[in-house]
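**Student:** Just to be clear, the model below is a prediction. Sequence and coordinates:
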Amino acid sequence: MRVHFQRDVEKLKRAILALSAEVENDVRTAVRAIEDRDEDLARKVIDREAGTNSMEVDVEDECLKILALHQPVAGDLRYIIAVLKINKDLERIGDLAVHVAERALFLCGQPALDIPFRLGEMAEKAQAMLKAVLDAFVNLNADAARQVCTADSEIDAINRYVFLQVKKAVAETPANFEPLIQVLHIARHLERIADHATNIAEDLIYMVEGRIVRHTAEVSDKRVGKPQSA
């Protein structure tokens, strides 16, 4: 039975890693669509949404099958539970990448906004967090996961800056209200991507160490005043 369990776990690992790669690529492509004002890139992300959702369902099915057939305990059970939660965060990151792509598609049809919103910096940091936590997942590295948790506050600070810049720009150029609101939405989506990367980091710590660090002093500084991820 242990051989069959290991075989099913390896299949699950391949599935969750494939989903991770797909989601990371979608985020990267959506950001490029904004930077390059490229409608084709934006549409590619939007068109891949159904495939990403299907991959998420497949991973969940594999987890439930392992729980039903093998009834894992201790570290094995933690692994399956953590993968179930990480799987959902990855699917939501994929959804957010689609939302960014949709905003990019709209902005491609508008005049370029020459305002220093720091969206590029924000996108770079959010992508770095996502890559770091997925690398930590591959290597089961709890210390690297903790570093991802601490990086979340930087994204929050930039998001607040973007809000203030958009507010100022709307007051100065009301005609640009609609594209400016899209910029605000993009910043919010990037901030949520960082939130979900943080969730994955917390679940990875649980997977490796068996410790639940959500709502603890270990991560409280970065989560104060932040709503739960959706």
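**Tutor:** Nice, thanks for sending it over.

**Student:** what ranges do the helices span in this structure?
**Tutor:** 2-36, 39-47, 49-70, 74-108, 119-139, 142-172, 177-209, 217-223 (DSSP state H).

**Student:** Tell me which of the ones you listed sits most buried.
**Tutor:** Ranked by mean neighbour count, the helices of the chain are led by helix 177-209 with a mean of 23 (mean count of other C-beta atoms under 10 Å). (Glycine included, C-beta is placed from N, CA and C.)

**Student:** how far does that one sit from the chain's center?
**Tutor:** 5 Å (C-alpha atoms, centre = their mean, to the nearest Å).

**Student:** any idea of the angle it forms with helix 119-139?
**Tutor:** 20 degrees (axes from the mean of the first three to the mean of the last three C-alpha atoms, to 10 degrees).

**Student:** show me what contacts the spatially closest residue to Ala194 that is not a sequence neighbour?
**Tutor:** Spatial nearest neighbour of Ala194, chain neighbours left out: Ile155 (4.0 Å); criterion: C-beta to C-beta, 6 or more residues apart in numbering. Residues in contact with Ile155 (C-beta atoms under 8 Å, 6 or more residues apart in numbering) are Met122, Lys125, Ala126, Met129, Leu190, Glu191, Ala194.

**Student:** mind redoing it with 7 Å?
**Tutor:** Residues near Ile155 by C-beta atoms under 7 Å, 6 or more residues apart in numbering: Met122, Lys125, Ala126, Glu191, Ala194.

**Student:** Tabulate the helices of the chain (a markdown table), appending mean pLDDT.
**Tutor:** Output for the helices of the chain, formatted as a markdown table (pLDDT from 0 to 100):
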| stretch | mean pLDDT |
| --- | --- |
| helix 2-36 | 92 |
| helix 39-47 | 96 |
| helix 49-70 | 94 |
| helix 74-108 | 93 |
| helix 119-139 | 90 |
| helix 142-172 | 92 |
| helix 177-209 | 93 |
| helix 217-223 | 55 |
